[in-house]
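Student: give me coordinates for this.
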Amino acid sequence: IFLIMKALYQKIRALNGKNYGLYKSLAEKSWDFGDFVLEFLHVQGDPFAPASRVLLKTSLQKLGYAPVWGSSFERRLALSDFLLRRLSAVVQEHFPEKNAPVAIENPGPEMLVRNSLWVDNGDLRVCLQVRLPGEGRKIESEAAAEILTMVLPDLVSASLYNDSSRAAQLEAHYGVLADRVEILAELDKRGLCAFVPDGAVLPRASGLSEAPLKDAVPFVAPPEMAVTLEICGREIRGMGIPRGVTVITGGAFHGKSTLLQALTRSVFPHVPGDGREGIVVDETALRVGVEDGRSVRATDLSIFVRDLPGGVSTKDFTTLSASGSTSEAANLLEAIEAGSRTFLIDEDSSAGNFLIRDIRVRKLLGDDREPLIPLTDRIRAIAQAGYSFILVAGGWRGRRHPPAHHLV
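Tutor: Next comes the predicted model:
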């Protein structure tokens with residue numbers, strides 16, 4: 001391997017003390033390191049510019065993984081996410097400081113398709129940031145050669161090769177995705193839009209952390225909404241939220257918004273140990289709320305907003321700064337147009353006059369004098385068209401049409 005890497009080493013050493021811009025010559029070809037190939041996607045123009053980007057390419061076979069790990073989307077996603085977390089941990093352990101010579105994305109708790117590391121067609125691609133060293137505008141070849149020909153191979157060796165000691169962790173990663181596929185199929189069969197298993201940990205350690213809250217009370221499904229699913233040869237009990245309209249209600253600080261937030265984030269699968277890995281929601285679900293001041297362009301809002309004073313039509317409505325209620329109406333209608341079938345709404349982050357109008361206000365003003373048509377007046381018809389709503393409420397009063405399902 002050293003002989004193969006020697007060409008890059010000699011190329012870098014030949015640049016010592018020369019103008020920093022000559023680093024760009026490294027991008028003229030690929031560099032073969034034996035088990036993987038290194039390419040420069042971008043070379044920074046000076047030492048203070050955004051870091052250079054390098055691409056490492058190899059095959060699963062060279063890393064020691066069986067072909068099965070490239071056989072399905074779920075297996076590729078599980079392996080890609082697992083290896084990215086391994087590599088990220090090794091890089092941060094090696095370079096804990098800011099503006100480190102080598103960096104890679106530090107993923108959150110969701111398992112997502114990421115450009116940082118992905119497996120496809122039996123090959124693995126890794127994209128890292130590398131800060132090429134320089135003194136002023138001159139190349140520091142010795143430090144650069146160490147990073148590219150010694151540090152990078154060490155990081156790869158410590159994280160990407162197959163290791164039997166981590167086989168159970170990798171299988172657990174895949175298990176989350178395999179369960180999710182079957183749970184989604186069960187939701188469709190049973191007319192559900194979401195499932196929260198017993199034992200899920202919903203609260204986070206803090207508002208700034210995605211880690212599960214230590215010593216949190218595990219979730220237990222209320223008996224009236226409990227369902228048992230047979231998934232991958234075993235039974236899982238939890239709460240099934242039916243399609244249609246469901247309201248989550250209760251006192252302050254009782255976990256209503258925490259549950260809604262967990263459902264919102266569970267549009268994507270989560271890693272084992274996150275506490276939310278067993279939660280599954282309709283993958284088109286979207287949280288809808290107020291966005292005061294947003295622009296709206298050529299949108300038909302007439303289902304929620306009658307023509308405005310002055311004869312302004314809302315069938316083709318445009319504004320550069322929408323009000324709270326208008327912005328939330330536009331968000332909901334755009335989500336429907338984009339293909340969402342399930343909508344998550346929290347009273348605390350919504351416009352009150354978009355959600356509901358108090359009976360006493362109706363009597364005082366009359367509907368014909370109010371341009372806004374609240375969601376409670378339309379929600380039944382929208383649900384009958386095949387859409388679902390999960391709403392959090394703790395202070396609404398004066399409903400004319402109570403929702404179909406209640407969760408306290």
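Student: could you use CA atoms for every contact and neighbour count after this?
Tutor: Fine.
Student: just the helices in the stretch 151-300 of the chain please.
Tutor: For the stretch 151-300 of the chain, applying DSSP state H, counting those that start in this stretch gives helices covering 152-159, 167-190, 256-265.
Student: residues making contact with the second one?
Tutor: Contacting residues not belonging to helix 167-190 are listed as 74-75, 78-79, 82, 193-195, 229, 231-232, 269-272, 277-278, 280-282 [C-alpha atoms under 8 Å, 6 or more residues apart in numbering].
Student: quickly list what Ile390 is bridged to.
Tutor: Here Ile390 sits in beta bridges with Thr246, Leu344, going by DSSP bridges.
Student: contacting residues for it?
Tutor: 245-248, 260, 342-345.
Student: if we can go back for a sec, and the helices of the stretch 151-300 of the chain: which comes nearest Glu93?
Tutor: Nearest to Glu93 among the helices of the stretch 151-300 of the chain is helix 152-159; the distance by C-alpha to C-alpha comes to 10.2 Å.
Student: in that closest one, what counts as buried?
Tutor: Residues of helix 152-159 classed as buried: 152-153, 155-156, 159 (neighbour count, 16 or more other C-alpha atoms under 10 Å).
Student: is it possible to get CSV of those that adds pLDDT and distance to Gly175?
Tutor: Below are those laid out as CSV (pLDDT from 0 to 100; distance: C-alpha to C-alpha, whole Å):
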residue, pLDDT, distance to Gly175
Leu152, 93, 31
Pro153, 91, 30
Leu155, 94, 27
Val156, 92, 25
Ser159, 95, 21
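Student: quick one: Arg234 from Pro67, how far?
Tutor: Here the distance between Arg234 and Pro67 works out to 27 Å (C-alpha to C-alpha, to the nearest Å).
Student: which residues touch Gly108?
Tutor: Gly108 touches Glu210, counting by C-alpha under 8 Å, 6+ apart.
Student: again, but for Ala100
Tutor: Going by C-alpha under 8 Å, 6+ apart, Ala100 touches Arg131.
Student: using the three-state scheme, assign it.
Tutor: With DSSP: H, G, I helix; E, B strand; the rest coil as the basis, Ala100 sits in coil.
Student: look up phi and psi at Arg13.
Tutor: phi -60, psi -30 (degrees, to the nearest 10).
Student: what's the closest non-adjacent residue to it?
Tutor: Nearest in space to Arg13, with sequence neighbours left out and distances taken as C-alpha to C-alpha, 6 or more residues apart in numbering, is Ser141 at 5.2 Å.
Student: more crowded one of Arg234 and Pro67?
Tutor: Comparing Arg234 with Pro67 by other C-alpha atoms under 10 Å, the one with more neighbours is Pro67, at 11 against 8.
Student: how much space separates the more buried one from Gly122?
Tutor: To Gly122, Pro67 is 7 Å away according to C-alpha to C-alpha.
Student: again with Phe36
Tutor: From Phe36 to Gly122 the distance is 13 Å (C-alpha to C-alpha).
Student: then Phe95?
Tutor: Phe95 is 30 Å from Gly122, where distance means C-alpha to C-alpha.
Student: who has more neighbours out of these two?
Tutor: Using other C-alpha under 10 Å as the criterion, Phe95 and Gly122 rank with Gly122 on top: 17 against 14.
Student: I'd say the more buried one and Lys57 touch.
Tutor: No. Look at Gly122 against Lys57 with C-alpha atoms under 8 Å: they stay out of range, at 10.9 Å.
Student: quick one: pLDDT of the most far-flung residue of the chain relative to its centre?
Tutor: Residue farthest from the centre of the chain, counting by C-alpha atoms, centre = their mean, is Leu364 at 45.2 Å. pLDDT recorded at Leu364 is 73.
Student: tell me which element it falls in.
Tutor: Using DSSP states H and E, Leu364 falls within helix 359-365.
Student: dump the C-alpha coordinates for that helix into CSV.
Tutor: Backbone C-alpha positions of helix 359-365 (Å, rounded to 0.1, in the frame of the first residue of the first chain) are rendered in CSV as follows:
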residue,chain,number,x,y,z
ILE,A,359,-69.3,30.6,19.7
ARG,A,360,-69.6,34.0,21.4
VAL,A,361,-67.5,35.7,18.7
ARG,A,362,-69.7,34.0,16.1
LYS,A,363,-72.8,35.4,17.7
LEU,A,364,-71.2,38.9,18.0
LEU,A,365,-69.8,39.2,14.5
